[in-house]
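Chemist: need a structure here:
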Amino acid sequence: MVSEIYLPAVAGIRNPLHEGLNRREIPSLSGLRGLAAVLVVFYHIFSKWKWERWWPGDESVVIFFELSGLLITWLLLRERRETGSIHLRQFYERRALRIFPAYYVLWFLCLVVPDAAARWWSFFYLSDVINAIRIWFPVMGGVVNVLGMTWSLSVEEKYYLLWPVILRSLTPRKLLQWIVPLAVIDQAYHLLVFAAGHESWAAFGFETRLDGLLLGSALAIAVHEGWKPFPWLLHPATLVASLVCVEALAAPAWHFRLGWGVTLGAYPLLIILIYVISKPPRLLNNPVAKFFGNISYSLYLYHLLVIYLLDSVHFTRMRWEVGSKITLSVAAATLSYYLVEQPFLRWKNRLHPRAKNTLHKAVAAGGA
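Modeler: Prediction:
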């Protein structure tokens, strides 16, 4: 029984994961988000030379989902604990101000790109749906689609239309009784669709890719209810083994990675997430990591457009091409963060003057 597993924490026993999540600025999350975004950029840049298997880009999206589910669920649980409820209108307002400005600025910039695939599907956050309807993958065979990343944002936004309503309606303990089994069932469904030959649908559809968000949300609820990581989860050897496992799952051919790879990879990635919050490493907690964490959303959005534009330039050396794509992707993301994201983030915080200061940094960094 779930109720027998997730018992309240015993008084006086330290829970580093709970302590990390309760900090004013949750350690490692910003740096981890930045690292994941950089890995996705490298994955798409090096796909031209078929070296993408050395960069766990698909697995980076899984940890994006897990991180997002963990952070937003934790903030919503805290809001309910402190106010007695979850204010849906305020949540959707905050979410819109966090996600929409940079997203739609990019979308309008992409109007200059001729025949951009799934243009109107992405406008309505339906890029995931077209993968199921047309069984089509927008980034394939070295041809980069400028709106290819919108499938994952489409999955997230649909999830967050539904999840706060469910979270407000049921107790955390009740949710734990079905959310973990649901994540496993969703993985089985993913593999069934994949085995039936619909690889793109399995890899990029809404209902086939919910497991990462569900597992992240389940972790937040479990910690809220008193679950404490087992000691072996916080051993350095476990972290190393998890990293090796993720890289091993990233190495095989594309069709394996998007089937078994992202499914099995969700578990070592969740262990990595638990570890880096409980025992924050310097790699993810320094000014450089924080900077990339801040621009991670815009970096994720803009890098495909930069790659597309630079693919029309003739480079005499590969290192110049790679360096230009990385540099201009970071530059575009930095401009987007400071000129587009930041003004709306400040507006978002002013819209909710009653929000506690302890929530502001987590919310501004990409949460609710």
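
Chemist: which one in this protein is furthest away from the centre?
Modeler: Ranked by distance from the centre of the chain (C-alpha atoms, centre = their mean), the top residue is Thr316, with 35.4 Å.

Chemist: secondary structure class for it?
Modeler: coil (DSSP: H, G, I helix; E, B strand; the rest coil).

Chemist: backbone dihedrals for it, please?
Modeler: Per-residue torsions, Thr316: phi -80, psi -20 (degrees, to the nearest 10).

Chemist: tell me the contacts of it?
Modeler: Listed by C-beta atoms under 8 Å, 6 or more residues apart in numbering, Thr316 has no contact partners. (C-beta placed from N, C-alpha, C; glycine too.)

Chemist: going forward, count from 39.
Modeler: That works, and once the first residue is 39, the last one we named lands at Thr354.

Chemist: lowest-confidence helix or strand of this protein?
Modeler: helix 40-43 (a mean of 34; mean pLDDT, DSSP states H and E).

Chemist: could you say what helices and strands whichever helix or strand comes after it packs with?
Modeler: From helix 40-43 onward toward the C-terminus, using DSSP states H and E, the following helix or strand is helix 54-59. In this structure, helix 54-59 packs against helix 249-262, helix 300-316, with contacts taken as 3 or more C-beta pairs under 8 Å, 6 or more residues apart in numbering; DSSP states H and E.

Chemist: I'd like the distance between the closest residue to Gly331 other than its chain neighbours and Leu257.
Modeler: Nearest residue to Gly331 in three dimensions, chain neighbours excluded: Ser68, at 3.0 Å (C-beta to C-beta, 6 or more residues apart in numbering). Applying C-beta to C-beta, to the nearest Å, the value for Ser68 to Leu257 is 18 Å.

Chemist: next one: Leu347
Modeler: According to C-beta to C-beta, Leu347 stands 39 Å off from Leu257.

Chemist: swap in Ala134?
Modeler: Relative to Leu257, Ala134 is positioned 26 Å away (C-beta to C-beta).

Chemist: how about low-confidence regions in the stretch 239-388 of the chain?
Modeler: Scanning the stretch 239-388 of the chain for pLDDT under 70 picks out 386, 388.

Chemist: where along it do the helices fall?
Modeler: All helices of the stretch 239-388 of the chain, identified by DSSP state H, counting those that start in this stretch, fall at 249-262, 274-288, 292-294, 300-316, 325-332, 334-348, 356-374, 380-389.

Chemist: which of those sits closest to Tyr81?
Modeler: The closest of the helices of the stretch 239-388 of the chain to Tyr81 is helix 274-288. By C-beta to C-beta, the value is 8.9 Å.

Chemist: in terms of secondary structure, what does that closest one contact?
Modeler: helix 95-121, helix 300-316.

Chemist: show me the contact partners of it.
Modeler: Residues outside helix 274-288 that contact it (C-beta under 8 Å, 6+ apart): 91-97, 270, 295, 298-300, 302-303, 306-307, 309-310, 313.

Chemist: could I get the helices of the stretch 239-388 of the chain as TSV with distance to Ala155 and mean neighbour count?
Modeler: Listed next are these as TSV, based on distance: least, C-beta to C-beta, whole Å; neighbours: other C-beta atoms under 10 Å:
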stretch	distance to Ala155	mean neighbour count
helix 249-262	25	26
helix 274-288	25	16
helix 292-294	18	14
helix 300-316	22	22
helix 325-332	28	17
helix 334-348	11	23
helix 356-374	20	17
helix 380-389	28	14
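
Chemist: now the ones you listed in a markdown table, with distance to Gly72?
Modeler: Listed next are the helices of the stretch 239-388 of the chain as a markdown table, based on distance: least, C-beta to C-beta, whole Å:
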| stretch | distance to Gly72 |
| --- | --- |
| helix 249-262 | 18 |
| helix 274-288 | 17 |
| helix 292-294 | 25 |
| helix 300-316 | 12 |
| helix 325-332 | 3 |
| helix 334-348 | 5 |
| helix 356-374 | 10 |
| helix 380-389 | 16 |
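
Chemist: the ones you listed: which one's closest to Val143?
Modeler: Set against Val143 and scored by C-beta to C-beta, those come closest in helix 356-374, at 6.9 Å.

Chemist: doesn't Lys266 make contact with Asn53?
Modeler: Yes. Proximity of Asn53 to Lys266 meets the contact threshold set by C-beta atoms under 8 Å, at 4.5 Å.

Chemist: residue nearest the centroid of the chain?
Modeler: For the chain, Phe102 is the residue whose C-alpha lies nearest the centre (C-alpha atoms, centre = their mean; 1.8 Å).

Chemist: which non-adjacent residue is nearest that one?
Modeler: Ala74 (5.6 Å).

Chemist: next up, the contacts around the closest residue to Ala327 other than its chain neighbours.
Modeler: Nearest residue to Ala327, sequence neighbours excluded (C-beta to C-beta, 6+ apart): Gly69, at 3.3 Å. By C-beta under 8 Å, 6+ apart, the contact set of Gly69 is 321-324, 327-328, 330-331.
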